[in-house]
Structures are given as C-alpha cells and as structure tokens.
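1. after the sequence you'll find the predicted model.
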Amino acid sequence: MANKITSFEAETTKIVSTFIISALVLLLLTVGSGLLGSIYYSKYFPILSSLGIPFQTLRPFHTVAAVTWIYMGGLAVVFSFLFSQSKQDHLKQNAIFRRTKLQLKIWLLAGILAFGSLIFQFYTGREYIVFHPIISILILWGWILYARSFFQVVGFNLKKQPVYIWMWMTSIFLFIYSFVEAHAYLLSYFETYPLRDIAVQWKSYGALVGSFNLIVYGSLIYVASRLTKEMDYAYSNTAFFLFFIGTLNSFTNFAHHTYHIPQSLWVKWIAFSISMLEIIILFKVLLDMFGLKKMWQLKERFPQTTLLLLLTTIWTALQLILSLLISVPPLNSFVHGTLIVLAHSMGTTIGIDTMAVLAGIALLVQQHRKMLNIPQPSLSQTGLPIAIFNIGLLILWLNLIYEGLRTGVMLFDNQVIPSILIFSKYFSTLFLMGGGMILLGIFWIVISWIWSTCNKR
Amino acid sequence: MNNHKQTVPQWVVWIFSFNVLCFFTQGFLVYSDFPTPEMGTKAQLNELAYQGLNIWRRENCQACHKIHGFGGFLGPDLTNVTQRLSENSLHYRLDQRGYLMPAFHLPQPERLAVIEYLKIINQTGQGTVKPVEGGELPWYIYPTGKINGQ
C-alpha cells in the first residue's frame, strides 16, 4: 500500500531534491572537467587545444564546480534537517519554503552566469572566485537568505543545540565574512601590494574551505546520529572539543601555505602551532576506526550510507597524516609547489568532503525511496561503483604523492623548477586512469540516484 | 526547537569566543602586516606593472602558473622567472607558444607590462625554497621564510 504523502512532505521533497540534483549535476561536471583537464598532463593535450578547450577554462571550471558541489550537497542535508524541524509551524514553514525557492533561483542564475563567463573566457584570474564580482553579489544574496531561514528555525539560543548546529552556524558566518574578504583585491590597499594580496587570498580561501568543511562535518555527525538514533555524541565534550580544534584550524592555519614568503612571524607561528593541534583529531579518528566494526552492523539497513561513512573515516585518517606532515616547516619547504599540495587538496575534497556528502545524500535518497515504496538496493548492488571510485582515488592520490616527492628531491638535488616537464613517464597514464575510475564510479552512483530521486511512482 | 534534554557544556561558549578572537586577531595581523609592516609593502605595483597584472588576470595565467605557490601546476612557478630567463626569452614566450603554453601573441606593450609585473613579483621573495650550499636538506627551516637564519 503506498504511503500517503502530505503536501509538507511533497514540498520538502521537491526542494531537497532540487538541492540534491543540482549537487549531483555539479559533481558530474567536476569529475568530467577534471578528467578533461588531466589530459593536458599527457601527450594527448593537442586534441583539446585543437578543439579550443583551453586549460585556463577547464581548471577554474573544475574548481568552481567542485566547491559548489560540496556546498550544495551539504546544504541538501541541512535543509532536510531545517524542514523537519519546522514541521509544526505552518507559517514559518511556508516562509522558509518561499525563501528557499528564491535562494535556489538566485543561485541558479549565478551558476549559469559564472560557468557561462568561464566558457566564454571572461576571467578575474583569481583562484576560486574566477567570475565577476556582480555574480558574487548574487551568491552572497543567496547565503543571506539561507542564513535567515537557518536562524528562523534554529533561533539564537545555542545552549541546547547539538554540535552540528554549532558547526552549521559557524559555517554561515565564516562563509559570508571570508567570501567578502576574498574580494579584497578590489581595494588598492591589497591589489597594488602583491604580498598582502597573496596573504589575504590564502587566508580567505583557507577559511572558505573551512566553511564547507564545517557544513560537511556537521552533516556527518547529523547523519550518524540519525543512523544510530543516539544524540549523546552530538552533545558530548569530545565532539565540542574537536569542534573547537577544527574551527581554530579553519580560522587561522592557512599560513602553513605561506611559510616561505616575507610575512609577519606571528602569523606563521600561530598557523604552525594550530596546524599541529590536528594531531588530536588524528588520534580521535584512529580511535574511531576501532568503532567501525560497530558501524558496519548497520549495513543491512543503510548499505550505501554505512559504506560511505566508513570510507570517509579511513580517508580522513590518511589525509590528516599527510596534512600534518606537510605542515611541518622543513618538510613543507621540501614539497612546496609540488604535486603533494594537489594530493592534499584533492585527497581532502574527494576523500573526505565528497565521500561525506555522498553519505548524506545516500541517506536522503534512501528516505525518498522508502516514501515511494521503491525497493532499496543491497550492498552487493551498490558496492561496486563505490569500490571503483575509491580505487581510482587511491591511484590518483598515491601517484600525486610519489610525483611530488620525486619533484621535491630533484628540486634540492638539481635545483630544477617544478613543472610538468620533469614528471615521470607513468605519471600521466596513472593520472588519467585514476581520474577515469573516479568518473566511472561517481557517474554510476549519481545516475542511479538521479533516477530514483526523479521517479514519482 | 530541539527536544533533547541535554545541554551544551558551559566551557563551549568561552572556547568558541576565544576562537573568534583568534580569527579576528589573525586577520588584523594579515591586513596590517603587524609587527613588521615593511614586509607587506616591500613591493608595490607601478602603473605599468598594474597593467601587467590586469593582463595576467585577463588571460588567467594563474590557471597554469604559480606565484608564491598559489596557482596551477601545469606550468612552472613564475615568482622568480625574471631571474631565470632573459627578457628576450620572456618576450618570446608571451608571443609564441611554448611546449604546453598557447601562443598568446601579446602585442609588445602588453608583453612589457607583464614582464614589469613579473619583475615586481620577483622583488617579493623566493617562490620556491632553494637548497643551501652543498645541496643539504633544510631541516632547520623555521616558519620565518629564512634558510639558516639568513
């Protein structure tokens, strides 16, 4: 017998589905543009050049799509929570529905303009915010609408709120502040002094990454609480202590990227000291790995979510080890400007953020299937694409680390300049292989989800 | 809104406030280059270099090249390229194609502007850390940007 779906549930499903589908489309654009960009690291790059697909467009397309996918996917989980909390108050609920629809329309317009400007090769030449500041205003407007909805549901009294609310709240303020700060280059005080501009760029982009990490980690804890039906961890001293360490890192440790440039010593020592606090997070993650066996017992009821959460934990441990090592100044100087930095950034955004957001979306998709009485796939049916995705990521990550170390050694032996011309002969093959497997695995997962999310009956 | 009976530990509010204080303190240090403001103002773009910066942005050079480690990995770090390559070489690369670098065919005034920009960037410091004499690994580099205290 079909479940009777209320109008509240229909509206919620529609909006959350829009977030999910947008996020998944962005994910496909990310991996697609990433794979195309990786062709430039191989001998086949003339094919793309002759087709008029320059790397100057592919790289920003890939980075903008990647960052936006993580935000949209994380916000799908946040909005699912907000709607569930506003169920009893119809007036509030309708206001939030209207506001969220406006927010989505504004962001859709911003997305079309941003990607369109990249395709037509209008760049600002910045690292992530490669589009015109007018488009940034649209993005900011959407965030202010989101902030309004968030606080309308959650309120401002946080004393009774679990840690994930604190994380989501912090991400709002951190994003808005850092997004505005990332446009400091429009002021001549920063623009005409290159060192100051570089320092502010690293600071603002580091904080923006911290902002989406907070959304993702908050969503992870929320999803885990839903799976286990236990709220104790979300209120525990441990959770809040790790939140303290995480936010302090998000706020201040960006300067571990700029040890070598002439800059205030205080900034560097603060960044170094706080980066090393992540050792505490690493110990906690390693302890969590002993609890994975208990989490694995949930695999019959939540196959995809459980598997993805498990993999997120493993990748978090690996990425923390790498990031701690490269934050140590002597090692940092050794790998500075090499592909180990790319291994770090891609390893974290794919291995941790993407994996965690996929876990959250898997839970939402499973709820949606249950609501429509669509049978849930088993682990054996869903495990293969996830395995392909992770094996591809491992190949990519190890390949980048090896190549970065190799370049670092050559830099100090021969004083070479790190560039593609000194890469090993297997680098491009492994790079393409890893990227191709990631694309295949993700495409398989995403298409099955979009199919079930769009399925009305 | 949450019916859970638990509450947040009291110290959380204080620690969170401390974090926010650190955030704004770090921001102040970065914006003002405190306590050594002369570091941040070490190199300033003149008019020609500013035009070069605009061309750098227009062509999105940062997609492939890094300045002080910030940018893409396809091409080399250009922080100190004016030390490595002659002006003629730079003019050639900005006009004709390199191995992967497309042929931008920049007119001479634009090439001069970009080169001026790169000269100013060169004054800001080393983009990649050089080894000390004898090729030793710099185990004694502290986060000062100096090698061996120099």
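-> Great, that's in hand.
2. hmm, stretch A:243-254 touching chain B?
-> Yes: counting by CB under 8 Å from any CB of the partner chain, chain B is contacted by stretch A:243-254 at A:244, A:247-248, A:251-252. For the C-beta atoms, the positions are set from N, CA and C on the backbone; glycine is no exception.
3. now render these as CSV, adding pLDDT and neighbour count.
-> Below are the residues of stretch A:243-254 next to chain B laid out as CSV (pLDDT from 0 to 100; neighbours: other CB atoms under 10 Å in any protein chain shown):
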residue, pLDDT, neighbour count
A:244, 90, 19
A:247, 89, 24
A:248, 87, 23
A:251, 84, 26
A:252, 79, 26
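4. which of those lies closest to chain B?
-> When the residues of stretch A:243-254 next to chain B are compared for distance to chain B (CB to the nearest CB), residue A:251 comes out closest, at 3.8 Å.
5. quick check, that closest one in a helix?
-> Yes: counting by DSSP: H, G, I helix; E, B strand; the rest coil, residue A:251 is found in a helix.
6. so where's the chain uncertain?
-> All of this refers to chain A. Where chain A drops to pLDDT under 70, the residues are A:1-5, A:255, A:258, A:260-264, A:414-418, A:452-457.
7. please refer instead to chain B.
-> B:1-5, B:34-41, B:128-150.
8. for it, which segments count as helices?
-> Along chain B, the segments classed as helices by DSSP state H run B:11-32, B:37-40, B:47-58, B:81-84, B:87-95, B:108-122.
9. in contact with residue A:113, which residues?
-> A:131-132, A:134-135, A:138 (CB atoms under 8 Å, 6 or more residues apart in numbering or on different chains).
10. how about 6 Å then?
-> residue A:135 (CB atoms under 6 Å, 6 or more residues apart in numbering or on different chains).
11. skipping adjacent residues, who's closest to residue A:407 in space?
-> Closest residue to residue A:407 apart from its sequence neighbours, by CB to CB, 6 or more residues apart in numbering or on different chains: residue A:338 at 4.3 Å.
12. give me every residue that touches the one residue in the stretch 1-150 of chain A that gets nearest to chain B.
-> Across the stretch 1-150 of chain A, the shortest distance to chain B (CB to the nearest CB) belongs to residue A:125, at 2.8 Å. Contacts of residue A:125 were listed using CB under 6 Å, 6+ apart, and they are B:56-57, B:60, B:62.
13. list just the nearest of those to residue A:330.
-> residue B:62 (27.3 Å; CB to CB).
14. so what's that closest one up against?
-> Shown in contact with residue B:62 (CB under 6 Å, 6+ apart): A:125, B:71.
15. rerun that using 10 Å as the cut-off
-> Taking CB atoms under 10 Å, 6 or more residues apart in numbering or on different chains as the criterion, residue B:62 is in contact with A:56, A:59-60, A:123-127, A:130, A:201, B:56, B:70-72, B:78.
16. who's in contact with whatever residue of chain B ends up closest to chain A?
-> Using CB to the nearest CB, residue B:57 is the residue of chain B that sits closest to chain A, at 2.8 Å. For residue B:57, the contacting residues are A:123-126, A:130, A:185, by CB under 10 Å, 6+ apart.
17. next, format those residues as CSV and append secondary structure.
-> As requested, the contacts of residue B:57 are exported to CSV (three-state DSSP):
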residue, secondary structure
A:123, coil
A:124, coil
A:125, coil
A:126, coil
A:130, coil
A:185, helix
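18. out of the residues you listed, what pair is the most spread apart?
-> A:123 and A:185, at 13.2 Å, using CB to CB across the contacts of residue B:57.
19. right, and the helix or strand after the strand or helix carrying residue A:168?
-> Using DSSP states H and E, residue A:168 falls within helix A:163-181. Downstream of helix A:163-181, the first helix or strand assigned by DSSP H and E is helix A:188-191.
20. show me what that following helix is packed against.
-> Packed against helix A:188-191 by the contact rule (3 or more CB pairs under 10 Å, 6 or more residues apart in numbering or on different chains; DSSP states H and E) you find helix A:194-228, helix B:47-58.
21. now with 8 Å?
-> Here helix A:188-191 touches helix A:194-228, going by 3 or more CB pairs under 8 Å, 6 or more residues apart in numbering or on different chains; DSSP states H and E.
22. quick check: phi and psi on the residue nearest the centre of chain B?
-> In chain B, the residue lying closest to the centroid (CA atoms, centre = their mean) is residue B:68, at 3.4 Å. Note on residue B:68: its backbone torsions stand at phi 50, psi 40 [degrees, to the nearest 10].
23. leaving out chain neighbours, which residue sits closest to residue A:144?
-> Leaving out its chain neighbours, the residue that sits closest to residue A:144 by CB to CB, 6+ apart is residue A:176, at 7.3 Å.
24. that neighbour against residue A:147, yeah?
-> Yes: counting by CB atoms under 8 Å, residue A:147 is a contact partner of residue A:176 at 7.2 Å.
25. what ranges do the helices span in the stretch 251-400 of chain A?
-> All helices of the stretch 251-400 of chain A, identified by DSSP state H, counting those that start in this stretch, fall at A:265-276, A:278-288, A:292-296, A:303-327, A:329-335, A:339-346, A:355-371, A:379-414.
26. redo those as a markdown table? Include mean neighbour count.
-> Shown next, in a markdown table, are those (neighbours: other CB atoms under 10 Å in any protein chain shown):
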| stretch | mean neighbour count |
| --- | --- |
| helix A:265-276 | 19 |
| helix A:278-288 | 15 |
| helix A:292-296 | 13 |
| helix A:303-327 | 21 |
| helix A:329-335 | 22 |
| helix A:339-346 | 21 |
| helix A:355-371 | 23 |
| helix A:379-414 | 18 |
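27. including distance to residue A:104, could the ones you listed go into CSV?
-> Shown next, in CSV, are the helices of the stretch 251-400 of chain A (distance: least, CB to CB, whole Å):
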stretch, distance to residue A:104
helix A:265-276, 36
helix A:278-288, 34
helix A:292-296, 33
helix A:303-327, 25
helix A:329-335, 41
helix A:339-346, 28
helix A:355-371, 16
helix A:379-414, 28
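28. so which of those helices is nearest residue A:222?
-> helix A:355-371 (7.8 Å).
29. and that closest one, what does it pack against?
-> helix A:7-39, helix A:55-85, helix A:194-228, helix A:303-327, helix A:427-454.
30. can you lay out those helices as TSV showing distance to residue B:109?
-> TSV is the format used below for those (distance: least, CB to CB, whole Å):
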stretch	distance to residue B:109
helix A:7-39	32
helix A:55-85	22
helix A:194-228	21
helix A:303-327	41
helix A:427-454	37
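31. export those to a markdown table and tack on distance to chain B?
-> Below are the helices and strands packed on helix A:355-371 laid out as a markdown table (distance: least, CB to the nearest CB, whole Å):
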| stretch | distance to chain B |
| --- | --- |
| helix A:7-39 | 9 |
| helix A:55-85 | 4 |
| helix A:194-228 | 5 |
| helix A:303-327 | 10 |
| helix A:427-454 | 11 |
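32. wait, which of those helices is closest to residue B:44?
-> Across the helices and strands packed on helix A:355-371, closest to residue B:44 is helix A:194-228 (CB to CB), at 8.2 Å.
33. pull out the buried residues from that closest one.
-> A:194-227 (16 or more other CB atoms under 10 Å in any protein chain shown).
34. just want the angle from that helix to helix A:355-371.
-> Helix A:194-228 runs at 40 degrees relative to helix A:355-371, counting by axes from the mean of the first three to the mean of the last three CA atoms, to 10 degrees.
35. by how many degrees do helix A:194-228 and helix B:47-58 diverge?
-> 30 degrees.
36. and residue A:95, what does it touch?
-> So residue A:95 contacts residue A:152 (CB under 8 Å, 6+ apart).
37. that one belongs to a helix?
-> Yes: membership of residue A:95 in a helix is supported by three-state DSSP.
38. which one is residue A:334 nearest to, not counting chain neighbours?
-> residue A:408 (4.6 Å).
39. quick check, the one you found in contact with residue A:339.
-> No: in this structure residue A:408 lies outside contact range of residue A:339 using CB under 8 Å: 9.5 Å.
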